[in-house]
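Asks: Generate a structure from the sequence data that follows.
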Amino acid sequence: MAQRDRRLKPNILVTGTPGTGKTSTCSLLADATGLTHLNVGDLVKLKSLHDGWDDELECFILNEDLLIDEMEDMVKGGGTIVDYHSCDIFPERWFDAIVVLQTDNGVLYERLTNRGYTGAKLQNNMECEIFQVLLEEARESYPQELVRALPSNTIEDMSNNVEILSDWVSAWSPPAANLS
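Replies: This is a model prediction of the structure:
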């Protein structure tokens, strides 16, 4: 029986370019549903699941093996909202839904510059959104029926997204194999 078949609550991966509202959306969704919000970036820092610092991109160099090992027990029971700016590193079996938040370029540029992003870090993140890298990554890594792109430009979008996802969580039920 697959890991997905043993969960009593769904796992959701919320991904998107930095600045698309992942953490805010995940926090609100966790409050609305009672699911646990797992911010992967915070976990990487807290547990040192990295191989040092990248000076050019101003970020930690993720050790994917350490991260996956650390997260395995956290997600296996279900009920987790995983918040990360990448998605192809996680096993397909972990998730019941993959949400890709997308933001208009002008809005995203303002958010990132307000965060102090400059140079290569700003350029790489803007290009990632312009070319829809994360949506493509999600579509290549997970079954199409699990992947959903949602706009995240305004507070109203965020509220709508939380409502849509909360309704989905309420309607979700474990696979029939789990009920026997």
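Asks: Run the chain-centre distance for the longest helix along the chain.
Replies: Of all the segments of type helix in the chain, defined by DSSP state H, the longest one is helix 155-171. From the chain centre to the centre of helix 155-171 is a distance of 15 Å (CA atoms, centre = their mean, to the nearest Å).
Asks: Give the buried residues for that helix.
Replies: 157-158, 161-162, 165-166, 168-169 (16 or more other CB atoms under 10 Å). No exception for glycine: its C-beta is placed from N, CA and C like everyone else's.
Asks: What's the mean pLDDT across it?
Replies: Helix 155-171 shows a mean pLDDT of 98.
Asks: try stretch 27-44
Replies: 98.
Asks: what does stretch 91-110 give?
Replies: Rounded mean pLDDT across stretch 91-110 is 98.
Asks: Tell me the buried residues in that stretch?
Replies: With the criterion 16+ other CB under 10 Å, stretch 91-110 contains buried residues 94-103, 107-109.
Asks: Could you provide the buried residues of helix 155-171 in TSV, with additional columns for distance to Asn39?
Replies: Converted to TSV, the buried residues of helix 155-171 look like this (distance: CB to CB, whole Å):
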residue	distance to Asn39
Asp157	20
Met158	16
Asn161	17
Val162	16
Leu165	17
Ser166	19
Trp168	21
Val169	18
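Asks: with those in mind, which one is nearest to Leu35?
Replies: Leu35 has its nearest neighbour among the buried residues of helix 155-171 in Val169, at 6.8 Å by CB to CB.
Asks: Just give me the neighbour total for the closest residue to the closest one other than its chain neighbours.
Replies: Here the nearest residue to Val169 in space, its sequence neighbours aside, is Thr33; by CB to CB, 6 or more residues apart in numbering that works out to 4.7 Å. Neighbourhood size, Thr33 [other CB atoms under 10 Å]: 22.
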